[in-house]
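J.: Predicted structure and sequence below. I'll ask about it afterward.
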Amino acid sequence: MTTEFTADEMMTVGAARSLRDGAACFVGIGLPSTAANLARRTHAPGLVLIYESGTLGAKPDRLPLSIGDGVLADTADSVISVPEIFNYWLQPGRIDIGFLGGAQVDRFGNINTTVIGGDYADPKVRLPGAGGAPEIAASCREVLIVMRMSPRSFVDRLDFVTSVGYGTGKGDREALGLRGRGPVKVITDLGVLEPDPDTCELTLTQLSPGATVEQARAAAGWPLKAVDAPTELAPPTETELAVLRELKATIE
Amino acid sequence: MTTEFTADEMMTVGAARSLRDGAACFVGIGLPSTAANLARRTHAPGLVLIYESGTLGAKPDRLPLSIGDGVLADTADSVISVPEIFNYWLQPGRIDIGFLGGAQVDRFGNINTTVIGGDYADPKVRLPGAGGAPEIAASCREVLIVMRMSPRSFVDRLDFVTSVGYGTGKGDREALGLRGRGPVKVITDLGVLEPDPDTCELTLTQLSPGATVEQARAAAGWPLKAVDAPTELAPPTETELAVLRELKATIE
Amino acid sequence: MARILQLDEAIAELVHDGDAIALEGFTHLIPVAAGHEIIRQGRKDLTLIRMTPDIVYDQLIGAGCARKLVFSWGGNPGVGSLHRFRDAIQNSWPVPLEIEEHSHAGMANRYAAGASGLPFAVLRGYRGTDLPAQTDTIKPIECPFTGEQLTAVPALNPDVGIIHAQQADRAGNVQMWGITGVQKETVLAAKRSLVTVEEIVDELTPRPGAVVLPQWVVTAVAEVPGGAHPSYAQGYYERDNAYYQQWDPIGRDREKFADWLETEVKRERSAR
Amino acid sequence: MARILQLDEAIAELVHDGDAIALEGFTHLIPVAAGHEIIRQGRKDLTLIRMTPDIVYDQLIGAGCARKLVFSWGGNPGVGSLHRFRDAIQNSWPVPLEIEEHSHAGMANRYAAGASGLPFAVLRGYRGTDLPAQTDTIKPIECPFTGEQLTAVPALNPDVGIIHAQQADRAGNVQMWGITGVQKETVLAAKRSLVTVEEIVDELTPRPGAVVLPQWVVTAVAEVPGGAHPSYAQGYYERDNAYYQQWDPIGRDREKFADWLETEVKRERSAR
């Protein structure tokens, strides 16, 4: 018997499973923070949570409501300044995994969180902007992107490149001097995309339970490539779901 | 009746008197630290002592034996890292007064603490080197130099320029982008030298009690200029001497 | 050297029309009361600098205090957009708003350069993004030793840096703890500074993780209990998450915002 | 990820002939015992990096471990010269010693650049001095915004960074307090790191002014009580000023130094 679960729960569980025990993880608020805290309570008790507010090794007993929540400072191994978190910790590439989301992603994992439509000076939608994302994308050893798929968000061409994935393809990161590996997975509600080893183009490699390649293709704004036989993601376990829901309950 | 005092005591008292109450003072070990602590116990209780080890606002109850003495950390308003002390505190010019000494000084207040004789690769005497001095000389709002006069130390030409005073004369500091005023006083056992307002050449302006212009000229390796009628420094007061000797007793 | 002033005195004395000002506080310790006092005093043509402009900057912008915003992430955290900010950019209401947009790493380094008395900072950042094409204050720089291409950003040296802290003593020494963001850099980079504090105490007790700003680098201290609300002050009060939610409909609507300005900001004054 | 090792194991595993190593500690917490273990293990051709090479570096140099010294102030603080250092420079005894000389501000910035993953740092320094003519690692750099001339120095990224701290917990998280100098930067800039500690405790208690290095940036921790002697460890023991005085006649004389090597360093081993 499996419990019912939502596509968002599957995404969160999928993200959590991508976090190795002992890894140092740069966490944003929302789904990444939920996933990281879920991982820490299940298979990765030694996961090191780092928030851009300057909390190294936070061990919150409830989900923080913001990246600067007091519970993060109270439970951290060390609280440092914001210049230090970016310069001494993120920039040198000592953080294993960074999470990113965005309003738009393209086939090379580049992300837009700045403006949509019109042009920069007179956009249709003004988004919050870069925040920590460009340097997380540049410097974390690996990046996980978590976004729901839709043709409006998985686009052929970004309206603005806020954070670089693989640029225009293989070799671009190296040419730009970006030292992290780039986005190794895009975790969506329909499945998981991974960069093709030869071209770095995002390719559907795994499907969420019940989702199909056709659904994923319909939800992408470019002709989405898929491996021959995408594997199916294991549904959330009873434990994963129970812990996840318990966590979410702490902020409701 | 005046108590007997030594030339070194006069130098220390003269240095202490140069420290305004409330000023922030970058202090090295030895005479500068003694002078600063003397000032803090006499006319300048609000003097802020800063040591390059990272102690801001140290209030030692005894003379520290090194710039990194535990008593400095224990009594400081804040203890910060060495990169921070140089970058956030010294470099922007927020420290009012810096003390320097050296093996050699020239007529423009440039200082050598690196090598004497021979050349750099094969010197006669290898001195400790720069330490914090070049940036103290560059960035403190004012510099006080404290050195005993002798033709071997007050030289026509330095064997090595470790720290810049007025370079080759007026205007050099500005051309080099050094933002502090430079050495405003050289306090010696025989008297006080100050830069000539027009040329920046060090000029004898004050004499220690009993010292003469001729003595001072004999102790300089260049034709030392003097103002027409150098004033005589007031001898140490009873209080100054008593406090100074009490302080020195704490480290003997 | 820090002077203990009333908030209204401090703002009147330190913040002038046309100044570049930075109100910092990273989620924690946001100097909101100081921002409201600036609105009450009707300052104009300000350049507002802040990594994460949120509600208080939305309010300053909506009140017409700003002509320019320098920032790296603008939003109502966990809620959505800043509607006064958008209305100013998109419709020049109530006055046009110029923007200078950076990343967090860039802004943090700009403050650090400002605090360090350097004209610029170097970082690994922005390369491959569309930001440099829109922002004059991002330039390439080459390492003189390795030839590697990096990015330079100019120092931030605001006319006034304003932060909120938990405590000051009567001499004006300031202590804050918990998440302290870029607050130290903001004060050190600024030409003048104001620290609002939860309380003025006889003596600061050293605490783990505390950042201390000595009185001689702070221009003025004002005691403003609750001065970070709706953000929080660790050890004093929690974040008022409902306020952030409630801001959304107010910010969305020019009339509701005008009412808020008339009633809330004025009410606050009489409450002080 | 930090491993708890014996000091001799840690040095054997981490420090190799030819490595660039940095032992840091600014007057306080100097990792002297680690330096002596390097002498006992007979490492050669090391590049020794340290802002203030003092007795322990004089000993390493006299023992013939070093081929190069990178530094900003070399002396026996409060006592006088380092005679083994001078003998090496002036007489190539026991082996020639190359030097790379900086100022404190330059060295501190080089470590900070190393810790930041940047190839260089920018500072206001060295201008007008004779240092740039003698040191390849000092170059001018121009601000791309203001055109101002500043100075660049390359990052320091030692193969091994070695520091001493008061405490670690069993996972290898490190805590130090009091004057902490450039120790954090040294560990973060280094490819591998060793922290010797006064004691390993069950849990680190947060303290005012403490610097914490999480276990995942430390390669190895070794418990070495007294490992900073003759420097001091705040909260544990005072500086042994007599030792610094007594070093002077030993350092001055090759034979006395050879005796010291034979007896003192070996004695220390058997004492462990």
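T.: Perfect, thanks for sending it. Residues are numbered from 1 along each chain as shown, chains lettered A, B, ... in the order given.

J.: make it CA atoms for all contacts and neighbour counts henceforth
T.: OK.

J.: could you pull out the strands for the chain?
T.: Looking at chain A here, since you left the chain open. A:24-27, A:48-51, A:55-58, A:78-79, A:97-100, A:104-105, A:111-112, A:115-118, A:123-126, A:142-146, A:183-187, A:191-195, A:202-207, A:225-232 (DSSP state E).

J.: please go with chain C instead
T.: Under DSSP E, chain C gives strands at C:3-4, C:20-23, C:46-50, C:66-71, C:98-101, C:120-123, C:139-142, C:149-154, C:160-169, C:174-176, C:192-201, C:211-213, C:220-223.

J.: Let me have the ones you listed in JSON lines, extended by distance to chain A.
T.: Output for those, formatted as JSON lines (distance: least, C-alpha to the nearest C-alpha, whole Å):
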{"stretch": "strand C:3-4", "distance to chain A": "26"}
{"stretch": "strand C:20-23", "distance to chain A": "15"}
{"stretch": "strand C:46-50", "distance to chain A": "11"}
{"stretch": "strand C:66-71", "distance to chain A": "9"}
{"stretch": "strand C:98-101", "distance to chain A": "8"}
{"stretch": "strand C:120-123", "distance to chain A": "8"}
{"stretch": "strand C:139-142", "distance to chain A": "12"}
{"stretch": "strand C:149-154", "distance to chain A": "8"}
{"stretch": "strand C:160-169", "distance to chain A": "14"}
{"stretch": "strand C:174-176", "distance to chain A": "12"}
{"stretch": "strand C:192-201", "distance to chain A": "16"}
{"stretch": "strand C:211-213", "distance to chain A": "10"}
{"stretch": "strand C:220-223", "distance to chain A": "22"}
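
J.: Dump those strands to CSV, plus distance to residue D:154, mean pLDDT and mean neighbour count.
T.: Output for these, formatted as CSV (distance: least, C-alpha to C-alpha, whole Å; pLDDT from 0 to 100; neighbours: other C-alpha atoms under 10 Å in any protein chain shown):
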stretch, distance to residue D:154, mean pLDDT, mean neighbour count
strand C:3-4, 42, 98, 20
strand C:20-23, 32, 98, 27
strand C:46-50, 31, 98, 24
strand C:66-71, 30, 98, 23
strand C:98-101, 30, 98, 19
strand C:120-123, 13, 98, 25
strand C:139-142, 12, 98, 17
strand C:149-154, 14, 98, 22
strand C:160-169, 32, 98, 27
strand C:174-176, 34, 98, 25
strand C:192-201, 34, 98, 24
strand C:211-213, 30, 97, 23
strand C:220-223, 39, 98, 26
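
J.: okay if I get the ones you listed as CSV plus distance to residue A:77?
T.: Shown next, in CSV, are the strands of chain C (distance: least, C-alpha to C-alpha, whole Å):
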stretch, distance to residue A:77
strand C:3-4, 35
strand C:20-23, 28
strand C:46-50, 27
strand C:66-71, 29
strand C:98-101, 32
strand C:120-123, 26
strand C:139-142, 35
strand C:149-154, 31
strand C:160-169, 21
strand C:174-176, 18
strand C:192-201, 26
strand C:211-213, 16
strand C:220-223, 31
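
J.: Just name the most buried of the strands of chain A.
T.: Mean neighbour counts were compared across the strands of chain A using mean count of other C-alpha atoms under 10 Å in any protein chain shown; the top stretch is strand A:111-112, at a mean of 30.

J.: Can you name the residue of the stretch 1-150 of chain A that approaches chain D most closely?
T.: In the stretch 1-150 of chain A, no residue comes nearer to chain D than residue A:92, which is 3.9 Å away by C-alpha to the nearest C-alpha.

J.: Then the stretch 151-252 of chain A?
T.: Residue nearest to chain D within the stretch 151-252 of chain A (C-alpha to the nearest C-alpha): residue A:179, separated by 10.2 Å.

J.: Give me the pLDDT for the closest residue to that residue other than its chain neighbours.
T.: Nearest residue to residue A:179 in three dimensions, chain neighbours excluded: residue A:139, at 5.8 Å (C-alpha to C-alpha, 6 or more residues apart in numbering or on different chains). The model reports residue A:139 with a pLDDT of 97.

J.: So residue A:139 sits against residue A:183, correct?
T.: No - when contacts are counted by C-alpha atoms under 8 Å, residue A:139 is not listed as touching residue A:183 (11.0 Å).

J.: Output the strands of chain A in a markdown table; the columns should cover mean pLDDT.
T.: Shown next, in a markdown table, are the strands of chain A (pLDDT from 0 to 100):
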| stretch | mean pLDDT |
| --- | --- |
| strand A:24-27 | 95 |
| strand A:48-51 | 96 |
| strand A:55-58 | 95 |
| strand A:78-79 | 96 |
| strand A:97-100 | 95 |
| strand A:104-105 | 98 |
| strand A:111-112 | 97 |
| strand A:115-118 | 93 |
| strand A:123-126 | 91 |
| strand A:142-146 | 97 |
| strand A:183-187 | 98 |
| strand A:191-195 | 98 |
| strand A:202-207 | 98 |
| strand A:225-232 | 97 |
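
J.: Redo those strands as JSON lines? Include distance to residue A:175.
T.: Formatted as JSON lines, these follow (distance: least, C-alpha to C-alpha, whole Å):
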{"stretch": "strand A:24-27", "distance to residue A:175": "24"}
{"stretch": "strand A:48-51", "distance to residue A:175": "28"}
{"stretch": "strand A:55-58", "distance to residue A:175": "31"}
{"stretch": "strand A:78-79", "distance to residue A:175": "34"}
{"stretch": "strand A:97-100", "distance to residue A:175": "21"}
{"stretch": "strand A:104-105", "distance to residue A:175": "21"}
{"stretch": "strand A:111-112", "distance to residue A:175": "18"}
{"stretch": "strand A:115-118", "distance to residue A:175": "26"}
{"stretch": "strand A:123-126", "distance to residue A:175": "30"}
{"stretch": "strand A:142-146", "distance to residue A:175": "18"}
{"stretch": "strand A:183-187", "distance to residue A:175": "16"}
{"stretch": "strand A:191-195", "distance to residue A:175": "18"}
{"stretch": "strand A:202-207", "distance to residue A:175": "20"}
{"stretch": "strand A:225-232", "distance to residue A:175": "25"}
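
J.: show me what contacts residue A:132?
T.: Counting by C-alpha atoms under 8 Å, 6 or more residues apart in numbering or on different chains, residue A:132 touches A:52, C:103, C:104, C:105.

J.: can you rerun that using 6 Å?
T.: Applying C-alpha atoms under 6 Å, 6 or more residues apart in numbering or on different chains to residue A:132 gives the contacts residue C:104.

J.: ok, now the one 10 residues further on?
T.: For residue A:142, the contact set (C-alpha under 6 Å, 6+ apart) comprises A:97, A:181, A:182.

J.: which among the residues you listed gets closest to chain C?
T.: Distance to chain C, by C-alpha to the nearest C-alpha, is smallest for residue A:182 among the contacts of residue A:142, at 12.8 Å.

J.: ok, how many other residues are close to that closest one?
T.: Residue A:182 sits with 29 neighbouring residues when counted by other C-alpha atoms under 10 Å in any protein chain shown.

J.: hey, where'd the helices end up in the chain?
T.: Let's take chain A. Using DSSP state H, the helices of chain A run over A:7-17, A:31-41, A:70-75, A:82-84, A:133-139, A:172-176, A:213-218, A:238-249.

J.: Sorry, I should have been clearer: chain C.
T.: Secondary structure of chain C (DSSP H): helices at C:7-14, C:32-40, C:55-62, C:83-91, C:104-115, C:131-134, C:183-189, C:241-252, C:254-260, C:266-271.

J.: ok, back up a step: shouldn't the residue of the stretch 1-150 of chain A closest to chain D be in contact with residue D:117?
T.: Yes - using C-alpha atoms under 6 Å, residue A:92 is in contact with residue D:117, at 3.9 Å.

J.: circling back to that earlier point, how about TSV for the contacts of residue A:142, with distance to residue D:76 added?
T.: As requested, these are arranged in TSV below (distance: C-alpha to C-alpha, whole Å):
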residue	distance to residue D:76
A:97	46
A:181	47
A:182	49
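
J.: What's the separation between the residue of chain C found nearest chain D and residue C:178?
T.: Per C-alpha to the nearest C-alpha, residue C:208 is where chain C lies closest to chain D, at 3.8 Å. Relative to residue C:178, residue C:208 is positioned 9 Å away (criterion: C-alpha to C-alpha, to the nearest Å).
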